[in-house]
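Engineer: Fold the stuff below for me.
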Amino acid sequence: MSSGHFEVRRLEALSNTVFGVAMTLLAYQAPREKFAGGDPQWREIWHAYGAFIATLLLSFIVAGMFWYSHQQRLAYATHVSRPGVIVNLFFLLSIILLPVTCGLYGNNYDSSTVIVLYGGNLLLIATFNFTLWAMAVAPKRDWLRLPTPLVPLVVFMAAMVAGLIDPHWPKFVWPAAFLSPIVAAYLDRRKTT
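Structural biologist: Predicted coordinates:
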């Protein structure tokens, strides 16, 4: 190992901590609704919490998807360069921002500004993830690993453009990012055949 490279064990420990805390804090921004009468109806509960719960689920799945991708990348590339460490830290910062933007979007889902902030956070996470994968595969020229992290990047870019046209569209585009594991499974199957 050269002096400019770091083993990923410490980076993995840090990233697991950051992901764990961020995924736990997603629920912290839940509305603290007091219901009149003390016995709320299902409609009232859904009106107060529905958008937040949907955003929480989306954010948790997105965070889990990127945690899994991060773990795969750390297993793939056992050493990382100084620039790689810096990009990893920015990637983890974008994960730390997820509970903040999730809380904003879950509590203000009709605000076009908040939709752009939340979508921008998802796009930022996907951009750093793709960049890290590109840095990991470049020395080995294993370019077939890039379509999997490219899927969420393209989806979140498309959602950002859709959100600029109509702020209600991104919520229908974001779930398409979950195609990434399907792309990975397809590419793995093609490699083995």
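Engineer: Can you name the next helix or strand after the longest helix along the chain?
Structural biologist: Using DSSP state H, we find that the single longest helix of the chain is helix 42-76. Toward the C-terminal end, the helix or strand that comes next after helix 42-76 (DSSP states H and E) is strand 79-81.
Engineer: so which strand or helix has the nearest residue to Ser59 once chain neighbours are set aside?
Structural biologist: If the residues on either side of it in the chain are set aside, Ser59 comes closest to Cys102, at 4.1 Å by Cβ to Cβ, 6 or more residues apart in numbering. The C-beta positions use only the backbone N, C-alpha and C, and glycine is treated the same way. Secondary structure assignment for Cys102, by DSSP H and E: helix 82-107.
Engineer: circling back: ok, and for the longest helix of the chain, which residues are buried?
Structural biologist: 48-49, 51-52, 55-56, 58-60, 62-63, 65-67, 69-70, 72-74 (16 or more other Cβ atoms under 10 Å).
Engineer: Count the neighbours of the residue nearest to Ser59 for me.
Structural biologist: Counted with other Cβ atoms under 10 Å, the neighbours of Cys102 add up to 27.
Engineer: before we move on, what about Trp174?
Structural biologist: 24.
Engineer: Can you tell me how far the closest residue in space to it that isn't next to it in sequence is from Ala13?
Structural biologist: In space, and not counting its chain neighbours, Trp174 is closest to Ala159: 5.4 Å by Cβ to Cβ, 6+ apart. Taking Cβ to Cβ, to the nearest Å as the measure, Ala159 falls 32 Å from Ala13.
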